[in-house]
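> Let me see the structure of the following:
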Amino acid sequence: MFLSCGEALWDLFAVETAGGLSFDARIGGSPCNVAVGLARLGVASGLLAGISNDMMGTRLMHALHAEGVDTRHVRRKQAPSTLSLVDLGPDGGPAYAFYGAGGADRAIAPADLPAPDAPIWGLHAGSYSLLAEPIGTSLLQLFARDRGRRLLTLDPNVRLGVIPDPDAWRARIDAFAALADLVKISAEDAGLLWPGVAPAELAARWRAAGAEVVVVTHGAEGAEAFAPAGHVFVPARRVDAVDAVGAGDSFQAALIAGLDGAGVRGRAALGALDAGALARVVDFAAAAAALTCTRRGADLPRRAEVAAFMNEHR
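The predicted model follows:
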């Protein structure tokens with residue numbers, strides 16, 4: 001099983017009505033989306049998350065079960081569910097407002113972590129769970145404990161609206177990147193925290209600190225990877241986008257699924273990937289992300305859908 005670690009919440013999409021506003025609720029949270037995305041792509045996945053015992057938390061658990069996500073590492077908490085209000089800009093880019101102070105998703109403590117011998121071959125972490133406490137420190141301890149034993153992946157998925165401290169983000173991302181085997185970051189997030197620093201320079205810094213592979217996504221322009229095999233660039237497929245919600249999470253899930261399909265379940269195998277195999281994995285991830293952009297919200301695709309999409313958009 002591959003375990004995604006971090007927040008699980010409800011995304012509320014605002015819809016204007018004659019009487020004011022109504023909200024379309026979808027399950028969300030970047031790590032939660034990755035777990036769902038993996039399950040839809042046919043990879044056995046689980047979620048390590050704090051989920052409330054309240055009504056919204058119970059509905060969230062039902063949704064995870066329906067998606068086939070393993071919930072044995074979910075910890076139910078006597079704390080409220082986090083809500084994220086989502087507004088879409090003219091280009092389909094999302095803006096978020098989070099309501100989660102004291103929420104269940106932040107309440108993961110070291111005692112909640114999976115046992116070292118649990119049947120888990122990989123771990124993923126990202127988004128504001130990297131910094132929120134106590135979950136942030138707990139996940140950092142988990143990565144330090146499991147480095148070299150499980151495949152560790154990271155997507156910062158920066159949310160300054162939750163924790164508006166760029167210095168804290170930079171320090172914590174660097175700490176996780178030094179432990180991770182694979183780091184994926186969007187060019188937008190990289191530019192937000194490291195303005196003026198080229199992706200190649202940032203990737204070289206993280207690889208020197210300990211990461212094996214760094215992938216940088218460039219939205220509609222494509223994605224690039226920096227690895228022992230060299231530099232790989234994959235162009236994006238052009239689509240009529242509805243919104244970009246969940247595209248990065250879809251890319252991350254498909255990246256992990258692509259590595260699994262290539263037999264990569266550890267650091268040594270990741271470092272041994274040749275440029276052609278790495279390009280195929282990144283291309284699969286980019287296709288999944290593009291397909292997600294054609295749908296509303298974080299509606300991540302299934303493997304057969306990605307295959308059909310790649311056939312149609314060669």
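> and Ala175, how many neighbours does it have?
For Ala175, the neighbour count with other CB atoms under 10 Å is 16. Placement of C-beta: from N, CA and C, glycine included.
> Same check on Arg106?
23.
> Contacts only, for it.
Residues near Arg106 by CB atoms under 8 Å, 6 or more residues apart in numbering: 7, 50, 79, 82, 100, 129, 132-135.
> how far away is it from Ala204?
Distance, Arg106 to Ala204, by CB to CB, to the nearest Å: 33 Å.
> As a markdown table, the contacts of Arg106 with distance to Val214, secondary structure and pLDDT would be great.
Formatted as a markdown table, the contacts of Arg106 follow (distance: CB to CB, whole Å; DSSP: H, G, I helix; E, B strand; the rest coil; pLDDT from 0 to 100):
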| residue | distance to Val214 | secondary structure | pLDDT |
| --- | --- | --- | --- |
| Glu7 | 23 | coil | 97 |
| Gly50 | 29 | strand | 98 |
| Ala79 | 35 | coil | 97 |
| Thr82 | 29 | coil | 94 |
| Gly100 | 29 | coil | 90 |
| Ser129 | 20 | helix | 98 |
| Ala132 | 24 | coil | 97 |
| Glu133 | 27 | coil | 97 |
| Pro134 | 28 | coil | 98 |
| Ile135 | 24 | helix | 98 |
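> can you pick the most crowded of the residues you listed?
Using other CB under 10 Å as the neighbour test, the contacts of Arg106 are led by Glu7, with 31 neighbours.
> wait, doesn't that one sit right on Gly126?
No: using CB atoms under 8 Å, Glu7 is not in contact with Gly126, being 9.3 Å away.
> Common neighbours of the two, please.
Common neighbours of Glu7 and Gly126, counting by CB under 8 Å, 6+ apart, are 30-31.
> In this protein, where is pLDDT below threshold?
For the chain, the stretches with pLDDT under 70 are 91-92.
> quick one, strands of it?
2-5, 9-17, 20-28, 45-52, 74-77, 83-88, 94-99, 122-126, 151-155, 182-186, 213-217, 222-227, 230-235 (DSSP state E).
> Out of those strands, which is closest to Ala285?
strand 222-227 (7.1 Å; CB to CB).
> what helices or strands is the closest one leaning on?
For strand 222-227, the packing partners by 3 or more CB pairs under 8 Å, 6 or more residues apart in numbering; DSSP states H and E come out as helix 199-209, strand 213-217, strand 230-235, helix 275-293.
> same thing but at 6 Å, please
strand 213-217, strand 230-235, helix 275-293 (3 or more CB pairs under 6 Å, 6 or more residues apart in numbering; DSSP states H and E).
> Run the chain-centre distance for the shortest one.
Between the mean C-alpha location of strand 213-217 and the chain-wide mean there is a distance of 13 Å, by CA atoms, centre = their mean, to the nearest Å.
> Likewise for stretch 257-271?
Here the centre of stretch 257-271 is set off from its chain's centre by 17 Å, with CA atoms, centre = their mean.
> Quick one: neighbours of the closest residue to Leu259 other than its chain neighbours, just the number.
Once flanking residues are discounted, Leu259 sits nearest to Val281: 5.8 Å by CB to CB, 6 or more residues apart in numbering. When neighbours are defined as other CB under 10 Å, Val281 has 27 of them.
> can you tell which of the strands of the chain is closest to Ile163?
strand 94-99 (9.7 Å).
> these two touch, right, Ala257 and Arg40?
No: with contact defined as CB atoms under 6 Å, Ala257 does not count as touching Arg40 (9.2 Å).
> list the contacts for Ser186?
Residues in contact with Ser186, defined by CB atoms under 6 Å, 6 or more residues apart in numbering, are 217, 248.
> Would you mind measuring from Ser45 to Gly93?
According to CB to CB, Ser45 stands 27 Å off from Gly93.
> now His313
From His313 to Gly93 the distance is 22 Å (CB to CB).
> before we move on, what about Val213?
With CB to CB as the criterion, Val213 and Gly93 are 27 Å apart.
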